[in-house]
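Novice: attaching a predicted model along with its sequence, questions to come.
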Amino acid sequence: MPTWKLHFKSGPSDVYRALSTPGGRSRYWADAPESDGTISFSFPDGSTTQARIEEAVPDRRYRFTWYDDRVLTFILTPDDAGGTDLTVVGQDGPHLSDDVSILLRLKAWVDFGVDLRNHDGTRSTGYLDS
């Protein structure tokens with residue numbers, strides 16, 4: 001299982017909010033409203049998928065299952081300076097580069113308020129910045 005680590009200058013509550021709320025996810029990832037423990041993702045290329053929220057511990061842990069039972073687990077650890085170390089445990093598979101792209105967009109949004117997506121519907125499939 002691949003594991004990625006990112007450091008955020010922002011605190012755990014900011015990182016957790018970006019991961020766990022529809023408003024947070026829409027800023028760097030996709031429209032993703034949720035209902036009854038299910039997230040409904042709609043991506044710029046028109047594709048959709050649903051994810052089941054498996055665990056949600058505010059400011060500490062967030063885990064969901066999506067795409068053929070692929071699990072993504074986000075573990076948030078505060079640092080001594082008010083920032084956050086984020087450890088993400090994923091699964092091998094065809095979406096591995098998408099996972100890394102999402103994490104870099106998450107960091108850009110949470111720490112710097114920058115949306116790295118290209119917002120060009122003609123450049124969505126195969127682009128890391130879609």
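Specialist: Nice, I can see it. Please read all numbers here as calculations on a predicted model, not as lab measurements. Numbering: from 1, shown residues only.
Novice: over to Arg117. Which of the three states is it?
Specialist: Put simply, Arg117 is coil when judged by DSSP: H, G, I helix; E, B strand; the rest coil.
Novice: show me what contacts it?
Specialist: Tyr28, Pro44, Arg105, Asp129, Ser130 (C-beta atoms under 8 Å, 6 or more residues apart in numbering). Bear in mind the C-beta positions are built from the backbone N, C-alpha and C, glycine included.
Novice: distance from the longest helix along the chain to the middle of the chain?
Specialist: Across the chain, the longest stretch assigned as helix under DSSP state H is helix 96-112. With C-alpha atoms, centre = their mean, to the nearest Å as the basis, helix 96-112 stands 7 Å off its chain's centre.
Novice: which helices and strands sit right next to it?
Specialist: Under the contact criterion of 3 or more C-beta pairs under 8 Å, 6 or more residues apart in numbering; DSSP states H and E, helix 96-112 touches strand 3-8, helix 12-20, helix 22-28, strand 84-89.
Novice: what's the spacing between the residue lying farthest from the centre of the chain and Thr125?
Specialist: Here the chain reaches farthest from its C-alpha mean at Asp80, the gap being 23.8 Å by C-alpha atoms, centre = their mean. Noted for Asp80: a distance of 42 Å to Thr125, by C-beta to C-beta, to the nearest Å.
Novice: that older thread, quick one: which of the helices and strands packed on helix 96-112 is nearest Arg60?
Specialist: Closest of these to Arg60 is helix 12-20, at 7.2 Å (criterion: C-beta to C-beta).
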